[in-house]
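Chemist: Dropping the sequence and predicted coords here.
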Amino acid sequence: MKAASTLGILGAFLFVVACGPKVNHNQAVYVLIDTSGTYVNELNKAQLVVNYLLGTINPGDALAVGRVKSRSFSEKEIVAKVSLGKDPLAANAQKHAFSEQFAAFAKAEQQAKGSRYTDITGGIIQAAEFLNETQAGRKTIIIFSDMQEELDYKTVRDIPIKLDGIRIVALNVTKLGTDNIDPRRYLDRLAWWEKRARSAGASDWKVVNDMEHLDRIFKKNG
Amino acid sequence: MSLLQSLLIWPDRLLLSVLMLLLIAVPFLYAARGPMHALIRSASRAVSNPLRLGARWLANAAVRLRNRNRQVLFAHGSHEVKQTIEREFERVTTLVKRDLEGYPVLQRKLMDEITRIEEDYKKSGEVPLPPPDWVKAIEAIAKIKPSGDGVVEHILGEIRDALGKIYQKVVSEYRSAYQERHHILKGFLPFWRSVSQTLTQVDRNITSLQVSAAKIDANVLKLENITARGNDAAHALASSASTQFFVAAMVMLIAFGGAYVNFKLIALPMSAMVGGGDYITNNLQASEVAALVIILFETLMGLFLMETLRFTNLFPFGSITEKMRRRLMWASLTILLVLAGVEVALAVMRDAIISADVALKQQLGSVAGTAHAEAGWVTRIPTFGQMILGFTLPFALAFVAIPLETFINSGRTVLGATMELVLQGFAFVLRFTANVAKETGRLLVMLYDVLIFAPLAIERWVGSYRDGSARRDKLRPVPPLKRASGSEEAV
């Protein structure tokens, strides 16, 4: 009787625990890297960020790297992507492969000429599409750019976008020469992007220029 | 405007207004004195009586619980003592069966050995035959003094030689006889040793039996005390249960520590089996639940193993046959071994996962090139440590069954005593509150009278005046009745 009651309590505990609210803990991260103009020189830093992300993501998570070019709304602009398996060892191997793939891309891109225009909006729409497909619990777009959008006259990007539940982090937003003359340009640019992201339904907007403390961005409840 | 201010006659003169109000209210309060007193008393009774009732019920419940606890304590104590006596009897039975069953054989052996020793002793006691009678005659002849006669001397010489030869022969026979006796005596030694060993064994068995008998005696005395249901026995049992409870709780706490280490050891590699990143609840990963289930299974198998080995008595296994019990024991042991093996494999897997992770991080961070450490046997020590821990911890967890049983058994007594104390405490609080309510009622009655002290004083004064006049009327001499005729005889 006594053992039965003990087992009963344990069973009830497990039942209560098992019937609790189920939350999707997987996260998906899309790193959007600006390869236009002179920003292509910042690729080394981007590689550090990607490596950091590879070290922190867990089995079941997804990671993709896309580039920003003159027109970025295309699957072709996704440089590398991975959905990690559930087995930690297999996930490790996938991370290995991803790292090598990205290193090859960075090397090739550094030697190539940067694109003429910068279609950040197209990249964001592409990123949102990818993230929504992963059905992850936490979705993040990391934009590695100076956030200066330049479009050719044919490209239409002045359209409403949907970023519901997606967190946007603008990383390493470098100041342009004109920003140094009038800092308001830089601040206005960031404010415009924030407004756009938030009006599109983004859950958060953050600008981070200190690359030494990436852990603050990616901490679990950050 | 507040309610108080609306009641004031002169709002700017608070004290005067209050006094005025009081003056107006006093006649009404005096008129309502009786009903108000009754109301206050009824209200205080309405509060205190249910509280008293509740306190009484709780006190009775505490008494009932104490009696029940006492019954359980005695029942449990007598059950334990009976079990101890039973085990002691089993031990005695085994001892008797093992050693004293062969006692007739032992006795026969002992008797045989003693008889043989006796015979040998007798043999060793036999002396060689004395020299024959003619030796005395020759001895007499040998004593003849030499006379110088050659023939006589020759004869005497011959006789001396013959005697010498005989003497030598006798001495040698004597010596050989003694040698033989010594040889027989030497042959005693193994028998003596054997007898000594046998007797020592008998002594040991008897001593062991005596010890067991003394234990049984002590336990029977204890059982008698418990059956007599004396207070001393109850105190002894209760204090023993408390000690057992705390000791068992301490051991269980240590076991929980071991279980936690075990959990940490297998939670990570379990993600390779059930999938990493899967969550069952908000904060509980599937791999963690799987690790927990494995540990619980190990504990369960440990419980069964201890139960089938008769170390514990948690499950109703009394009805199953001995054969089935043995089968269950082997099944539990096998499952426990399998789980221990799984844990060893998981320990290796954990090491592999961590190594792969470290290697990846090194590669990701080695933009400038990181020197890789040589993987020698020293670096393998944690792996071996994890493997050993993985194998031993399940068996260590199996022993949790023993303190668990003690914890549960003594927990009933401790919980019962705690409940009794809690009930008594609540009863005291209720009784105290009831008394406070009753006294508050009295206090309110007095306060009411203080408020209307002026009319009460007047009432007392009027009352005393009336009493005084009535007394005076009683004491005043009665005036003589006047007769119409004017005669005073009638007076």
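Modeler: Sure thing, it's come through.
Chemist: OK, contacts around the residue in the stretch 251-400 of chain B positioned nearest to chain A?
Modeler: Proximity of the stretch 251-400 of chain B to chain A (C-beta to the nearest C-beta) peaks at B:Gly277, 2.7 Å away. Backbone N, C-alpha and C define where each C-beta goes, glycine included. For B:Gly277, the contact set (C-beta atoms under 8 Å, 6 or more residues apart in numbering or on different chains) comprises A:25-26, A:58-61, A:84, A:86, B:271, B:285.
Chemist: Right, and chain B sits closest to which residue of chain A?
Modeler: Here chain A gets closest to chain B at one residue, A:Gly60, 2.7 Å apart by C-beta to the nearest C-beta.
Chemist: hang on, the earlier thing: which pair in the contacts of B:Gly277 spans the largest distance?
Modeler: Across the contacts of B:Gly277, no pair lies farther apart than A:Leu84 and B:Gln285, at 14.9 Å, counting by C-beta to C-beta.
Chemist: more neighbours, the two?
Modeler: Between A:Leu84 and B:Gln285, A:Leu84 has the larger neighbour count (other C-beta atoms under 10 Å in any protein chain shown), namely 24 against 21.
Chemist: Roughly how far does the more buried one sit from B:Val47?
Modeler: A:Leu84 sits 68 Å away from B:Val47, going by C-beta to C-beta, to the nearest Å.
Chemist: can you check B:Ala162 too?
Modeler: Distance of B:Ala162 to B:Val47, given as C-beta to C-beta: 139 Å.
Chemist: Looking at those two, which is more packed in?
Modeler: Shown here are B:Ala162 and B:Val47; by other C-beta under 10 Å, B:Val47 has more neighbours (17 against 12).
Chemist: Would you reformat the contacts of B:Gly277 as CSV and include secondary structure?
Modeler: Output for these, formatted as CSV (DSSP: H, G, I helix; E, B strand; the rest coil):
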residue, secondary structure
A:His25, coil
A:Asn26, coil
A:Asn58, coil
A:Pro59, coil
A:Gly60, coil
A:Asp61, coil
A:Leu84, coil
A:Lys86, coil
B:Ser271, helix
B:Gln285, strand
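Chemist: Helices of chain A, residue ranges please.
Modeler: A:2-18, A:43-56, A:88-111, A:120-134, A:177-181, A:183-199, A:215-218 (DSSP state H).
Chemist: State the mean pLDDT of stretch A:162-181.
Modeler: Stretch A:162-181 shows a mean pLDDT of 88.
Chemist: for it, how far is the first residue from the last?
Modeler: Using C-alpha to C-alpha, to the nearest Å, the end-to-end distance of stretch A:162-181 comes out at 34 Å.
Chemist: just how off-centre is that stretch within its chain?
Modeler: Relative to its parent chain, stretch A:162-181 has a centroid offset of 13 Å by C-alpha atoms, centre = their mean, to the nearest Å.
Chemist: Ok, stretch A:54-73 next?
Modeler: Mean-position distance between stretch A:54-73 and its chain equals 6 Å (C-alpha atoms, centre = their mean).
Chemist: end-to-end on that stretch?
Modeler: By C-alpha to C-alpha, the extent of stretch A:54-73 from end to end equals 24 Å.
Chemist: pLDDT (mean, whole number) over that stretch?
Modeler: Rounded mean pLDDT across stretch A:54-73 is 88.
Chemist: If we go by neighbour counts, what in it is buried?
Modeler: Neighbour-count burial for stretch A:54-73 flags A:54, A:56-69, A:71-73 (criterion: 16 or more other C-beta atoms under 10 Å in any protein chain shown).
Chemist: so the residue of the stretch 251-400 of chain B closest to chain A sits in a strand?
Modeler: No - judged by three-state DSSP, B:Gly277 forms no part of a strand; its state is coil.
Chemist: And it, its phi and psi?
Modeler: phi 80, psi 0 (degrees, to the nearest 10).
Chemist: Could you find the closest non-adjacent residue to it?
Modeler: Leaving aside its sequence neighbours, B:Gly277 sits nearest to A:Gly60 (C-beta to C-beta, 6 or more residues apart in numbering or on different chains; 2.7 Å).
Chemist: quick one: least confident helix or strand in chain A?
Modeler: helix A:2-18 (a mean of 56; mean pLDDT, DSSP states H and E).
Chemist: Get me the contact residues on the stretch 301-450 of chain B for chain A.
Modeler: B:303, B:314-316, B:352-353, B:356-357, B:360-361, B:363-365, B:367, B:404-405, B:408-409 (C-beta under 8 Å from any C-beta of the partner chain).
Chemist: Go again with 7 Å.
Modeler: The stretch 301-450 of chain B has residues B:303, B:314-315, B:352-353, B:356-357, B:360-361, B:363-365, B:408 near chain A, with proximity defined as C-beta under 7 Å from any C-beta of the partner chain.
Chemist: Widest-spaced pair of those residues?
Modeler: Top of the distance list for those (C-beta to C-beta): B:Phe315 and B:Gly365, 55.1 Å.
Chemist: wait, what's in contact with the nearest residue to B:Phe399 once chain neighbours are set aside?
Modeler: Counting by C-beta to C-beta, 6+ apart, B:Gly302 is the residue found nearest to B:Phe399 once chain neighbours are left out, at 6.8 Å. Each residue near B:Gly302 by C-beta atoms under 7 Å, 6 or more residues apart in numbering or on different chains is listed here: B:336, B:397-401.
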